[in-house]
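*Asks:* based on what follows, work out the 3D shape:
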Amino acid sequence: MQRLYDFLRRHPTGVDTFWAVVLFGLSLLWVGSTYPSVDRPAAYGVVAALFSLVVALRRRAPEKMLVLAVVLGVAQLAFGIVPFMADFAMLVIIYTVAAHDGPRWASRLALLGGLSAATLSQLRWPVDNPASGAAQIFFTVIMTVPFALAWVLGDSLRTRRAYFAQLEERAFRLEQEREAQAKVAVAAERARIARELHDVVAHNVSVMVVQADGAAYVMDSSPETAKQALETISTTGRQALAEMRRLLGILRTGEHQEAGEYVPQPDVRQIEDLVEQVRGAGLTVDFTVEGTPRPLPSGVELTAYRIVQEALTNTRKHGGPDAGASVRLVYFDDGLGLLVEDDGRGAPQEMYEDGGADGRGHGLIGMRERVGMVGGTLDAGPRPGGGFRISALLPLKPAT
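*Replies:* So this is what the prediction gives:
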């Protein structure tokens, strides 16, 4: 059934032609049965054929077919061709023109013609022996109703189509704006990540320089100290190279000046200070650490800190006045696990559905960008019992 419906929608002219043939056949049967002794049967046949053409081409050329229907109606009045089955095409073309998003003159002409058709017909062919003038007026009004309903239905359909078209256009514009905002957010977040990674790499390089100077100074007097300094330089250099690899491909826009001294970025050890700061702001936070803490790559530590910071910020924004949160760090052999949960109201569904929970959809976008930079995974969503949950797994080595 659906295939048949789709076929009919793809071939509207063919469907109209079919109904035009049906109307032409019924019109001829009507003439033969109702007016067996009618004069000029050929004239009725011509009018029926032209009205059938109006039905067949009503959607391809609605304005032209309306004019043809008006001409045929006037010809019937002028030559005394009594209304018959073919005049049903007038209802069809009035509905079509009213539903078509065409020039307004055509719709007004269709309405005027429909409202005057029954009156002109009664004046041309009055009812024999009417009971009263009021009865004749009532009959005229009854005959006018179908034409008025045809126009009203068509105009309502045209209005609904225009309304839905506006909704689709508005939805399309909103989707484009949302995508543009998401791209801007991603670009801004990448630029911020690039700045932070640049600072981390610069800090590592400065540490290497200090260690190298120290090793050169104590090379003769304390070889063991110099050896430790060289090992530190080797480890720090590998971390700096890893950060440089992650930095490749990131486009930094609008960065023409770097001001200030190179200082280390927040790391995992400062998460506890962050939790204390949030507690001081009035949010109850439980903080636990599992596993054996150990030094991690600078990018991993920075990402872990920013994730916890953003998660607790979202809890304060969307959790409500009595919300509580918990932060859990787990040291694995090959990575660091993070779990941040709260028991508040949580952000609405549409805010995090496409990757965000900060009111504009950019909070989780930034988290995912950060986690992707270090080759990790991020999972965020509502908890079954209420609240919000963010979990992340940060590997010690970036994904290849």
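*Asks:* show me where pLDDT drops low in the stretch 201-350 of the chain?
*Replies:* 201-204, 206-207, 210, 239, 242-265, 280-282, 346-350 (pLDDT under 70).
*Asks:* would you map the helices across it?
*Replies:* 223-247, 271-280, 298-318, 349-353 (DSSP state H, counting those that start in this stretch).
*Asks:* for those helices, which one ends up most surrounded?
*Replies:* The highest mean neighbour count among the helices of the stretch 201-350 of the chain, using mean count of other CB atoms under 10 Å, belongs to helix 298-318: a mean of 23. For every residue, glycine as well, the C-beta is placed using N, CA and C.
*Asks:* which elements pack onto it?
*Replies:* helix 133-218, helix 223-247, helix 271-280, strand 324-331, strand 335-342, helix 363-373, strand 388-395 (3 or more CB pairs under 8 Å, 6 or more residues apart in numbering; DSSP states H and E).
*Asks:* residue 378 in helix, strand or coil?
*Replies:* With DSSP: H, G, I helix; E, B strand; the rest coil as the basis, residue 378 sits in strand.
*Asks:* neighbours of residue 378, how many?
*Replies:* Per other CB atoms under 10 Å, the neighbour tally for residue 378 reads 20.
*Asks:* try residue 333
*Replies:* Counted with other CB under 10 Å, residues neighbouring residue 333 total 7.
*Asks:* what values do phi and psi take at it?
*Replies:* phi -70, psi -30 (degrees, to the nearest 10).
*Asks:* check contacts around it.
*Replies:* Shown in contact with residue 333 (CB atoms under 8 Å, 6 or more residues apart in numbering): no residues.
*Asks:* state the distance from residue 110 to residue 156.
*Replies:* Between residue 110 and residue 156 the computed distance is 14 Å (CB to CB, to the nearest Å).
*Asks:* neighbour count for the two, which is higher?
*Replies:* Neighbours around residue 110 and residue 156, counted as other CB under 10 Å, are more numerous at residue 110. The numbers are 28 against 12.
*Asks:* dump the helices and strands packed on helix 298-318 into TSV; add distance to residue 301 as well.
*Replies:* Output for the helices and strands packed on helix 298-318, formatted as TSV (distance: least, CB to CB, whole Å):
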stretch	distance to residue 301
helix 133-218	9
helix 223-247	10
helix 271-280	9
strand 324-331	11
strand 335-342	8
helix 363-373	12
strand 388-395	9
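*Asks:* the ones you listed: which one's closest to residue 299?
*Replies:* With distances scored as CB to CB, the stretch of the helices and strands packed on helix 298-318 nearest to residue 299 is helix 223-247 (5.5 Å).
*Asks:* if we can go back for a sec, indicate which one of the helices and strands packed on helix 298-318 is closest to residue 302.
*Replies:* helix 133-218 (6.1 Å).
*Asks:* how far out from the middle of the chain is the closest one?
*Replies:* What separates the centre of helix 133-218 from the centre of its chain is 6 Å, taken as CA atoms, centre = their mean, to the nearest Å.
*Asks:* packing partners of that helix?
*Replies:* Applying 3+ CB pairs under 8 Å, 6+ apart, we find helix 133-218 packed against helix 88-99, helix 104-124, helix 223-247, helix 298-318, helix 363-373.
*Asks:* for residue 81, find the nearest of these.
*Replies:* If we rank those by CB to CB, the stretch that ends up nearest is helix 104-124, at 10.0 Å.
*Asks:* contact partners of that closest one?
*Replies:* Applying CB under 8 Å, 6+ apart, the external contacts of helix 104-124 come out as 62-63, 66, 69-70, 73, 77, 80, 83, 90-91, 93-94, 97-98, 100, 136, 139-141, 143-144, 147-148, 150-151, 155.
*Asks:* from residue 47, how far off is residue 63?
*Replies:* Distance from residue 63 to residue 47, counting by CB to CB: 20 Å.
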